[in-house]
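1. Attaching a predicted model along with its sequence, questions to come.
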Amino acid sequence: MPDPGKKAVPVVLVTGPSGAGRTTAINVLEDLGFEAIDNLPLRLLPGLIDVAAEPRPMALGLDSRNRDFSPRALLDVIDMLAGRREAELTVLYLDSQPDVLLRRYSETRRRHPLAPAESPGEGVRRELDLMAPIRDRADTLLDTSEMNVHQLKAEIERWFAPEGRALALSVQSFSYKRGMPHGIDMVFDCRFLANPYWEPALRQLSGEDQAVQDYVKADPLYEPFFSRVLDMTRLLLPAYRDEGKSHLSIAFGCTGGQHRSVTMAESLAKALAEDGQQVSIRHRELQGQRKSERPG
C-alpha cells in the first residue's frame, strides 16, 4: 500500500518523434537534478516508481524505439502513473514540423529507426502517425522547429527548473513575410503603426535603436495600443499562473520584423521585467541577419 505520508515523486515523461530534441531535453533535466533514465522498457516503469528511495525528481525518456513500445501500451502506462499518489506526472512531448525533422536527419545522415531500409521521409511520416495519440495526451507540448540546442535548453529550464512555479515569459518579434512562429500563445499585429522603413535614415536600423523606437512611439496609435497590450498581459498573468501554466509566449509581427514589432517586443519586455517578471526576448529576423553577417 502507498504510504500516505510519503511525498509524491515528480516524474517528467519525455517523448516525441525522433529528431525533435528528446535526448537534449533528458540531458537538461538531468542537469537540473532529475534522475534521468532513457528508453527503459515500459513494463518496468511502475516498479521504478515503487522502489524510489526518496522523492527525487525523475525524467524518463520514451519513444518509438523502446522494444515494447506501442501507443496503447504507453497510454496505459501514462494513465496508470497519473492515477498513483506516489507520482506527480507530467508528460512532455517534444514536437517538430515534418520538414524540419527530415532536414535534421538529412544533416546527420542517420537512418530513421522506423524506416532503416527506406527514406528518412517515410520514417518521419510513419512515426508522426504512430505518436499522434501520445501528442494528444501530453501535458506540455513544446515545438522545437525553430529552436537550436541552446534555445531548447533554455525552454526546458524555464518549464522545469526547481525554483518553483514562476511563470516564465518569452516575448519575440517576427516578420509576417516569413510566417508566424510556432507555439505562440498570443500574437499582435503591428503593421498599422508608422513604418520607419520609409525613412532613409532609419531603414538600416532596428527597433533596438532609440531613434526607431522614438519614431514608432510618435504614432498616435502607439500609446493606446501598447497600454492595452500591457494591461491585458498583466491581467492574464495571475490567471495563467493559478491555472498551472508555467510558460507564456507573446509575439509581435510586422512586415519585415525589424522595426515596429521589435519596438513593441522591447517595450513590453522592459515593462514586464520592471514588474518583476521573468522575461526572455527574441527577435527572429534580427537573429537571422546577424548570423548571415558573421564572417565565414
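-> Nice, thanks for sending it over.
2. by contact count, what packs against the strand or helix carrying Arg125?
-> Arg125 is part of helix 120-137, with elements assigned from DSSP states H and E. Other elements packing on helix 120-137 under the criterion 3 or more CB pairs under 8 Å, 6 or more residues apart in numbering; DSSP states H and E are helix 71-82, strand 87-95, helix 98-108. Every residue, glycine included, has its C-beta placed from N, CA and C.
3. Now it - C-alpha only, CSV.
-> Extracted in CSV, the C-alpha atoms of helix 120-137 (Å, rounded to 0.1, in the frame of the first residue of the first chain):
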residue,chain,number,x,y,z
PRO,A,120,14.0,9.2,-43.8
GLY,A,121,10.9,10.9,-45.1
GLU,A,122,8.9,7.7,-44.8
GLY,A,123,10.2,7.1,-41.3
VAL,A,124,9.2,10.6,-40.2
ARG,A,125,5.7,10.2,-41.6
ARG,A,126,5.3,6.8,-40.0
GLU,A,127,6.5,8.0,-36.6
LEU,A,128,4.3,11.1,-36.5
ASP,A,129,1.3,9.0,-37.3
LEU,A,130,2.3,6.5,-34.6
MET,A,131,2.9,9.2,-32.0
ALA,A,132,-0.3,11.2,-32.6
PRO,A,133,-2.3,9.7,-29.7
ILE,A,134,0.6,10.4,-27.3
ARG,A,135,0.8,14.0,-28.6
ASP,A,136,-2.9,14.5,-27.8
ARG,A,137,-2.3,13.2,-24.3
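4. Flag every buried residue along that helix.
-> 120-121, 123-128, 130-131, 134-135, 137 (16 or more other CB atoms under 10 Å).
5. Check what pLDDT Ala271 gets.
-> Listed pLDDT for Ala271 reads 95.
6. what's the spacing between the closest residue in space to Pro133 that isn't next to it in sequence and Ala25?
-> Closest residue to Pro133 apart from its sequence neighbours, by CB to CB, 6 or more residues apart in numbering: Pro71 at 4.6 Å. As defined by CB to CB, to the nearest Å, Pro71 lies at a distance of 20 Å from Ala25.
7. Brilliant, that's me finished.
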